[in-house]
Every structure is written in C-alpha cells, then in structure tokens.
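Asks: Build me a structure from this.
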Amino acid sequence: MNVVKIKKDFPILERTIHDGKCLVYLDSAATSQKPRSIIQAMDNYYNKYNANVHRGIHLLAEEATQMYELARKKIAAFVGVKDSSQIIFTRNTTESINLIARTWGWKYLNEGDVILTTEMEHHSNIVPWFTLAKERKLIVKFIKITNEGKLNQKHYQNLLELKPKIVAFTHISNVLGTINPAKKMIELAHQAGAITVVDGAQSVPHLSVRIDDLGADFYAFSAHKMCGPTGIGILFGKKELLEKMPSFLGGGDMIKKVTFDGFSTNSIPYKFEAGTPAIAQAIGFGAAVDYLSSIGMERIFAHEKTLIKYAMESLPDIPGIKIIGPSAEDRGGVISFTIDQIHPHDVAQILDESGIAVRAGHHCAMPLHEKLHLIASTRASFYLYNTKDDIDELKMGLLRVHKVFN
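Replies: Purely as a prediction, here's the structure:
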C-alpha cells in the first residue's frame, strides 16, 4: 500500500501540535481518523439534499432516502451479507448489543438460563448481560483466557455443557489484540443450542469479515472505528430472529399502523429504527466502506500485520516494558503494555508532549485488567495510515519516558 498517499487523504494527520510537533496518531482502536471523501459526502448531504427519509415525496426527500438506503446496501455487501434488510442502523456497537439484550433476551430468556461471555470483553459486551441477568434471574459465566491472552477453548467447551442460551464474544480484543476463532466458536455454540452475539467493533475495520460465512446470529460494529462518522453503528441479525423479536423503541417509522387501540410494527429493518435516523452519518458510513473497499481489506490487514510484527520486535528494547497478549501472528493491530514503576497515564502524557497520541487506562475492559492484576495499561493501535516511522517515534517517545522517570 502507498501509505504516504493514503495519509494525505486524512486532513487531521497534517496537523502539528505542542509547538510544531507532527501528530503521530496511534489511537485508532478508540476511534479512527476520517478521510476527506467521508467528510465531503456528509457535507454534500447537508448542502444539497438535506431532508428526512422515508417520509416525503418531494425531490430532496427522495434523494436523501435513496442515499440512506444505498448506504445500507453498501454496508451489507462490505461485510458479506446478501440480504440488506438484516442490517439495522443503531448509534454504535454498544446500542446494538443492548438492543439484543432488551428485545430477544427479554422475550426468550427465563430464570436460570445461562449466558456465556469472555474475560477479554469490552464493557459493552458485559454490562448489558449483567443488567438482563439481574432483571430475569439469569446466570452469566465467563470463558477464561490463557496466559498467552487467548480464549481457553477447552474451558469454553466445558461451559457449553451448561447449555447456554447466548454466547457473546469479541472477534478481536480491544486490549490484547487477540483474533478469536469466531467461525469455530459459532459452530460449537450452535451445536450446544445457543445463539451467538459477536462484537465486531475491532474486526470489521481491519479484517475482511463475511458474516454470512461466519454464521453469526447477531454481529455488531461501529462506523467511527472504520474511517466513518461517530454516532452510527450496525446490528446484523438473522432474519428469522429479527422477525420474532419485539421492537426496541417506539415512535415514527417503526410502525405499520397505529390506532387508538394499539399498533403494528413495520417490517425489518425499520421495525428497529424509530424516529429520524442519523441520515448524514449513514451516508458517511456508506462513503467509508467505499473508501476502505477501494484500498482492499486484505491489503489493510496485511499492512497492519507488518506494523504489529515490527512493533513487537522493536518495543521490547524499552527497559521494563511488558507487552500484554499473544504473539504478532495471533493478534491484530493493537499492542497494550506496561512499563515497570511508571503509571500508564504518565506514559501517555509524556508521549502526548512529543505529539504521539495513545490510550491509557483500562480501555473499557476493567475485568480483564483485574484478571491480569493491572490497574491500567498503555495502548498503541495502528491503522491503514500508520507507518513504521510512527512506531519508531513511539519507541523514541517511550525511551524519553524511561529517561524522565529514571
């Protein structure tokens, strides 16, 4: 990939900070930067055909509706889904998982039923299940991780003997970078009679994900981590499940008919999209998948594998550093670490003074950090616009951190 050319697509990467230092952005696991084409697509909507969708019959409304629904079809094709009616627009991955818990979970789970999730989950794939469990008197069990930061597949198979109703897991860990064997885990869950919920927030931006091939019952991801805008995400659900689920929110567009005696819901996906949607964001999302497709997800993933291998070889030179998670071969473009006797917040602050943006904290994965006996960690995450030079800057920055504290 011509990363020098790609970087020029992102206006923010031209910025200098802190007395003229070039920005080195290594926090794409939190949110990615946006190329001009996505910003322009949203700007065009507001400037040229701003109108509500699915309501008006005037030209602007028709154009807005056409672009909104075109984005849905683009996103479906991007993740290997043939039937775009199975693609529901939500606010983000978190809302997508909550939607499942508050609809399918509330209707079909009963006292004593078991939900499986994992020790490496983001809070968005833990808290909704705890909330549901408290209300419905359910049992939540956690698949353990190994010392290498992978899911313990033997423990998973043992837990499946409990006949769980839901198996919820992340495709790629936002802390460890671990790429989980999603297809195999889904097959095992189905054999045990469970439905599967996959958090794809860290996978869809980086892998060539084909949801129909994986066989997932539900799959969630967000636009803002894949060069798209904030405030919009996707829930994929199998048609037969979505049609049996109650609606999530009530209001306009999600109804077929309303009388003084009650209402009937619209067909999917509109049944789950109450009110005026995030129209500009959906159009920007469509432009984002166009952009990523023009480069090629296989090429992006290969580029990130080169970066993570280089980082895993370079960063151990830092005195006192401990890298968390598996080897480069088994992870995506995320590397979390600690440095002896230096708090991650101090690491991030000093790196920021050098123009390097990383994440410090528990990364919305407090149980995982507790499991690892860590109060926090520092995370550098890479994307298509990063280079080996960025990793060299990170290494030099970490050497400065060590010098300051020693």
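
Asks: Now do the helices in the stretch 101-250 of the chain.
Replies: 106-108, 127-136, 153-160, 182-191, 211-214, 239-244 (DSSP state H, counting those that start in this stretch).

Asks: Dump those helices into JSON lines; add mean pLDDT as well.
Replies: Below are the helices of the stretch 101-250 of the chain laid out as JSON lines (pLDDT from 0 to 100):
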{"stretch": "helix 106-108", "mean pLDDT": "95"}
{"stretch": "helix 127-136", "mean pLDDT": "97"}
{"stretch": "helix 153-160", "mean pLDDT": "98"}
{"stretch": "helix 182-191", "mean pLDDT": "98"}
{"stretch": "helix 211-214", "mean pLDDT": "98"}
{"stretch": "helix 239-244", "mean pLDDT": "97"}
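
Asks: I'd like to know the average pLDDT value across stretch 225-238.
Replies: Averaged across stretch 225-238, pLDDT comes to 98.

Asks: then it to CSV, C-alphas only?
Replies: The C-alpha trace of stretch 225-238 is given here as CSV (Å, rounded to 0.1, in the frame of the first residue of the first chain):
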residue,chain,number,x,y,z
LYS,A,225,-13.6,2.9,14.0
MET,A,226,-13.5,2.3,10.3
CYS,A,227,-13.0,5.8,8.9
GLY,A,228,-16.7,6.7,9.2
PRO,A,229,-18.5,9.2,11.4
THR,A,230,-19.4,8.9,15.1
GLY,A,231,-23.0,8.3,16.2
ILE,A,232,-23.9,5.4,13.9
GLY,A,233,-23.4,1.6,14.1
ILE,A,234,-24.8,-1.6,12.8
LEU,A,235,-26.6,-4.6,14.2
PHE,A,236,-26.7,-7.6,11.8
GLY,A,237,-29.3,-10.1,12.8
LYS,A,238,-30.6,-13.2,11.1
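
Asks: A helix includes A360, no?
Replies: No. Read with DSSP: H, G, I helix; E, B strand; the rest coil, A360 is strand and lies in no helix.

Asks: Let me see the contact set for it.
Replies: P344, H345, V347, A348, A376, S377, T378, R379 (C-beta atoms under 8 Å, 6 or more residues apart in numbering). (C-beta placed from N, C-alpha, C; glycine too.)

Asks: PyMOL command to pick out the buried ones of those residues?
Replies: Buried residues within those, by 16 or more other C-beta atoms under 10 Å, are selected in PyMOL with:
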select buried, resi 344+347+348+376+377+378+379
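
Asks: Looks like I295 contacts H303 (just checking).
Replies: No. Distance between I295 and H303: 9.1 Å, which falls outside the contact criterion (C-beta atoms under 8 Å).

Asks: Those two: who's more crowded?
Replies: H303 (23 against 16; other C-beta atoms under 10 Å).

Asks: Name the nearest residue to that one, sequence neighbours excluded.
Replies: For H303, ignoring the flanking residues on the chain, the nearest one in space by C-beta to C-beta, 6 or more residues apart in numbering is M1 at 5.2 Å.
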